[in-house]
Every structure is written in structure tokens, then in C-alpha cells.
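Engineer: One predicted model, sequence on top.
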Amino acid sequence: MTPPIIIDIEASGFGTGSYPIEVGYVDRRGKPWCSLITPCDDWLHWSKTAETLHHISREMLLAHGKSTQVIANHLNDTFLNQTLYSDSWLHDFTWLNCLFHAADISPHFKFEDLRAVLSPFQQSVWHNTKQSLLNELQISRHRASADAQILQMTWLKTAQMEALACA
């Protein structure tokens with residue numbers, strides 16, 4: 001059972017002017033990776049509400065972030081011709097495009113909605129399974145790689161549940 005590659009993006013806020021501040025993923029082997037993103041000069045929007053969710057300050061980005069070029073190249077090199085999945089495709093698609101546009105690089109991978117690889121059974125048990133895993137693992141960190149990990153674990157658990165139900 002091979003899980004999908006999950007990507008998650010934290011942002012400066014929602015809506016017009018928001019931009020990506022952290023990218024995280026979990027590869028098919030379950031190995032996580034994440035990086036903060038140094039804001040471009042014209043990325044000015046900042047939501048204190050979003051900051052209270054992800055606990056990433058603009059100062060942290062300036063001190064520890066990597067450039068859009070470094071992150072876009074890393075994603076392209078790591079996932080050439082593969083497909084990455086997100087549970088918040090519309091938002092993440094916008095922020096991923098913002099990242100690659102700022103880097104002046106084209107993505108060399110596909111980006112799809114996670115629902116595309118969920119069976120009807122998985123969809124029916126998704127929410128309760130995800131909540132159960134969050135409670136069991138006591139994950140409180142709302143960051144890109146942690147979010148990607150819980151999504152991949154939920155996919156695996158729901159796929160295993162479906163296999164047992166069909167056996």
C-alpha cells in the first residue's frame with residue numbers, strides 16, 4: 001500500500017495579498033520535510049489571526065526562511081514528474097503558484113486535490129479517523145510538515161480499514 005505524497009502550505013493569512021510562509025511535505029516513505037520561506041519584498045500582507053494558528057512570526061521568516069528559488073528548486077528536484085496532493089487544494093494551489101511565480105520557475109510535478117485518491121469508503125470515515133489520530137498522537141503543532149504527516153497517516157489508516165472491511 002503506497003501512500004500519496006502530501007504537501008501542505010502555511011500562509012500569511014487568507015485572501016488577497018496572502019502568500020506562502022512555510023512548505024512541508026511527507027514523501028511516499030513517510031519522511032517529512034519543511035522549510036520557512038523568506039518573504040519577497042512585495043509580500044506585505046500579515047494576519048495576526050493566522051499567526052496565532054501556525055505560531056510563525058514574520059521575524060522568524062526573515063531570520064530562518066529560505067528563498068523562493070531554493071524551495072521551488074528543491075520541490076522540482078525531489079518530485080520531478082510525480083504528483084503531490086493537498087487537502088486544501090484551492091488555497092495551496094494559489095500559494096504554490098505564488099511561490100513558483102516569485103521564483104520565476106515552473107513546477108515540474110503535478111498538484112492534485114487529495115480527494116482524487118480517496119475512495120468513497122475513505123471519504124466516509126476520513127473526518128473521524130483523522131480526529132482519532134490527532135487525539136491519539138496528541139498533535140498540537142499546526143505546521144506544514146506535521147499537517148502533511150497527519151493527512152498521510154489518515155490516508156493509510158482509512159485504506160487499511162477499507163482493506164479489512166473488504167476482506
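Structural biologist: That came through fine.

Engineer: Quick check: residue 103 vs residue 114, distance?
Structural biologist: 24 Å (C-beta to C-beta, to the nearest Å). Just so you know, the C-beta spots here come from the backbone N, C-alpha and C atoms, and that holds for glycine as well.

Engineer: of those two, who's got more company?
Structural biologist: Higher neighbour count among residue 103 and residue 114: residue 114, with 22 against 19, using other C-beta atoms under 10 Å.

Engineer: wait, the more buried one sits on residue 154?
Structural biologist: No: with contact defined as C-beta atoms under 8 Å, residue 114 and residue 154 do not form a contacting pair (9.5 Å).

Engineer: Pull out the buried positions in the helix or strand harbouring residue 9.
Structural biologist: With secondary structure defined by DSSP states H and E, residue 9 is part of strand 5-11. For strand 5-11, the neighbour count (16 or more other C-beta atoms under 10 Å) marks 5-11 as buried.

Engineer: which one of the residues you listed is nearest residue 61?
Structural biologist: Relative to residue 61, the closest of the buried residues of strand 5-11 is residue 10; by C-beta to C-beta it sits at 10.3 Å.

Engineer: Spatially, what comes nearest to the closest one if we skip its sequence neighbours?
Structural biologist: With C-beta to C-beta, 6 or more residues apart in numbering as the criterion, residue 10 has its nearest non-adjacent residue at 4.1 Å, and that residue is residue 22.

Engineer: That neighbour belongs to a strand, doesn't it?
Structural biologist: Yes: using DSSP: H, G, I helix; E, B strand; the rest coil, the assignment for residue 22 is a strand.
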